[in-house]
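Colleague: One predicted model, sequence on top.
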Amino acid sequence: MNTILVVAPDVRAALDLGKPVVALESTIISHGFPYPANVECALTAEATAREEGAVPATIALIGGRIHVGLDRDRIEHLATAPGIPKVSRRDFATLVAQGSDGATTVAATMMVAAMAGIRVFATGGIGGVHRGAEASFDISADLEELARTDVAVVCAGAKSVLDLGLTLEYLETHGVPVLGYATDEFPAFYTRTSGFGVDARLDSAAAIAAVLRTRRELGITGGVVVANPIPREYELSHAEIDGVIETALAEATAKGVRGKEVTPFLLGRIHALTGGRSETANKELVYNNVRLAARIAGALSEGTR
């Protein structure tokens, strides 16, 4: 692994010294936003982690090597190079063997974070069970990774284009706790509430870190979802986003969009139908999640020194 896993010097130094590190994904760069908004989001997320005292570790596959921590040139490359594939667990070995680039999904970022010894990861929203999954069996690999990999994922819930009830059922079945940060409800990405509850409400980063520490002491394996609602000033109304999603879903069905193409298609249509306000909301919830993740990582770090 020493020749494949490339840990940036500042990330390695922080890990060796027991200082806080936050993992960040790279699909948000290659597939989340158009250029140059994708670079802006990546750099602002990293700066936000640093402001909170943590070292950011953006993860990606570059030339068949797994990079934990990216410089500006590599971020620009991911943001502008055409055809960079998403990489998840099933794709990793193939893309590494082929010497390819790849933008890591939630599942892949969790994998690499665990390899590197990073315990906290911030993203926008996790994948989940797709609407109509009882017929299509379309369930995100993110959920299976959460069941097996010891990384806490700070997110604004699951994307509201998904079936949130079934997503939470799946997590419960696989023993993945859903912790609400200062909320009793599971957030629905663009909105702060969904009508579904969380397993426990915790009102501080220190309290969340205590749960993560206790899980490790008890030998409990698998990930944890930390559900952090979008800041109130950036949330979209339920009435608006529900209507937009229904329109986007109908368009996807009419166009025959299927499988892994559904979510990017829906998010693109939501962006267009909200006049770009969904993009602002998406960025702000990412920064909000990075901020909380850095504080959790800091609390974990304090507990291990």
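Modeller: Good, I have the coordinates. This one's a predicted model, so the numbers in the text were calculated from it and none came from an experiment.
Colleague: What distance do you get for residue 144 to residue 77?
Modeller: Counting by Cβ to Cβ, to the nearest Å, the gap from residue 144 to residue 77 is 29 Å. Any C-beta I mention is one placed from the backbone N, CA and C, and that applies to glycine too.
Colleague: quick one, what contacts the residue nearest to residue 89 when sequence neighbours are not counted?
Modeller: The shortest distance from residue 89 to any residue other than its chain neighbours is 5.5 Å, reached at residue 107 (Cβ to Cβ, 6 or more residues apart in numbering). Neighbouring residues of residue 107 by Cβ atoms under 8 Å, 6 or more residues apart in numbering: 88, 89, 127, 140, 141, 142, 144, 145.
Colleague: which non-adjacent residue is nearest the fourth one?
Modeller: Put plainly, it is residue 140. The nearest residue in space to residue 140 (Cβ to Cβ, 6+ apart) is residue 127, at 2.7 Å.
Colleague: State the distance from that neighbour to residue 74.
Modeller: Residue 127 is 24 Å from residue 74, where distance means Cβ to Cβ.
Colleague: and if you look at residue 50?
Modeller: Between residue 50 and residue 74 the distance is 17 Å, computed by Cβ to Cβ.
Colleague: Can you show me the strands along the stretch 1-150 of the chain?
Modeller: Using DSSP state E, counting those that start in this stretch, the strands found in the stretch 1-150 of the chain span residues 5-7, 21-24, 55-62, 65-68, 86-87, 102-104, 120-122.
Colleague: So what touches the first one?
Modeller: The one in question is strand 5-7. By Cβ under 8 Å, 6+ apart, the surrounding residues in contact with strand 5-7 are 15, 57, 65, 66, 67, 68, 69, 112, 115, 116.
Colleague: Give me the sheet partners of it and which way each runs.
Modeller: For strand 5-7, the paired strands and their directions (DSSP bridges) are strand 65-68 (parallel).
Colleague: Much appreciated, bye for now.
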